[in-house]
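*Asks:* What follows is a predicted structure for the sequence shown.
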Amino acid sequence: MNYRSVVVLGKPELVPQSEKRHALRVIVNHVIPGRWDDVRAPSSQELDATIVVKLAIEEASAKIRTGPPVDVDEDHGRDVWSGVIPSEHNCRVGQPAPDCGATAPMPKYAAKYARSVNR
C-alpha cells in the first residue's frame, strides 16, 4: 500500500483561555487566509467549549511509500491482479449554506481555495 505518514512527538499543553482566541485565529487564517475577519467571532460559551492544544515538537519522522506492489517471488506467476488503485483528495467550488440567506458573493479567498488545494 502506498502511503504518507507523519509521527510527531512532544508534550501537549492546553492553550490557556487568554490565548485561545488568538490561537484559533492563527489556525483559521493558516487554512484559509482572511477567513477569521470575515465571520462572526466565537462567543464566550463557544470558546469555553473548545479545547486548543499546542505541542512543542521534540521529535518527528515522515515516511512516504510510492510505486508498484512488492510481491513475493511465489506470487509473480499467479493469475491474480496486482497493482495500484490511485486515489486523491480534492476540493471543488464552494456552495453557499442553504439556511444562511446571505446574498453576499463568495469571498475571493473561498473561490481560490479549491485551486490552491488542488495544485
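*Replies:* Okay, I see it. Just so we're clear, the structure is a prediction, and the values are computed from it rather than from any experiment.

*Asks:* Which helix runs longest in the protein?
*Replies:* Secondary structure of the chain per DSSP state H: the longest helix is helix 17-31.

*Asks:* So which bits of it are buried?
*Replies:* Neighbour-count burial for helix 17-31, counted by 16 or more other Cβ atoms under 10 Å, picks out K20, R21, L24, V28. Placement of C-beta: from N, CA and C, glycine included.

*Asks:* With distance to W36 and pLDDT as extra columns, can I get the residues you listed in a markdown table?
*Replies:* Converted to a markdown table, the buried residues of helix 17-31 look like this (distance: Cβ to Cβ, whole Å; pLDDT from 0 to 100):
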| residue | distance to W36 | pLDDT |
| --- | --- | --- |
| K20 | 13 | 96 |
| R21 | 10 | 96 |
| L24 | 8 | 97 |
| V28 | 5 | 94 |
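
*Asks:* how about the residues you listed in TSV, adding distance to A110?
*Replies:* Output for these, formatted as TSV (distance: Cβ to Cβ, whole Å):
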residue	distance to A110
K20	25
R21	22
L24	18
V28	12
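
*Asks:* Does I51 touch L14 like I think?
*Replies:* Yes: at 6.6 Å, I51 counts as touching L14 under the criterion of Cβ atoms under 8 Å.

*Asks:* Let me see the mean pLDDT of stretch 63-71.
*Replies:* Averaging pLDDT along stretch 63-71 gives 93.

*Asks:* helices or strands next to the longest helix of the chain in the packing?
*Replies:* When contacts are defined as 3 or more Cβ pairs under 8 Å, 6 or more residues apart in numbering; DSSP states H and E, helix 17-31 packs onto helix 44-48.

*Asks:* Please name the strands paired to whichever helix or strand comes after the helix it packs on in the sheet, noting orientation.
*Replies:* Counting by DSSP states H and E, the next helix or strand C-terminal to helix 44-48 is strand 53-65. Strand pairing for strand 53-65, determined by DSSP bridges: strand 3-14 (antiparallel).

*Asks:* For the partner strand, output the C-alpha coordinates as CSV.
*Replies:* Output of strand 3-14 as CSV, limited to C-alpha atoms (Å, rounded to 0.1, in the frame of the first residue of the first chain):
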residue,chain,number,x,y,z
TYR,A,3,1.0,6.0,2.0
ARG,A,4,2.2,9.2,3.6
SER,A,5,2.7,9.1,7.3
VAL,A,6,3.9,11.6,9.9
VAL,A,7,4.6,10.9,13.5
VAL,A,8,5.2,13.9,15.8
LEU,A,9,6.3,13.5,19.4
GLY,A,10,6.2,16.1,22.1
LYS,A,11,4.4,17.1,25.3
PRO,A,12,1.0,18.6,24.5
GLU,A,13,-0.3,21.5,26.6
LEU,A,14,-3.7,23.2,26.8
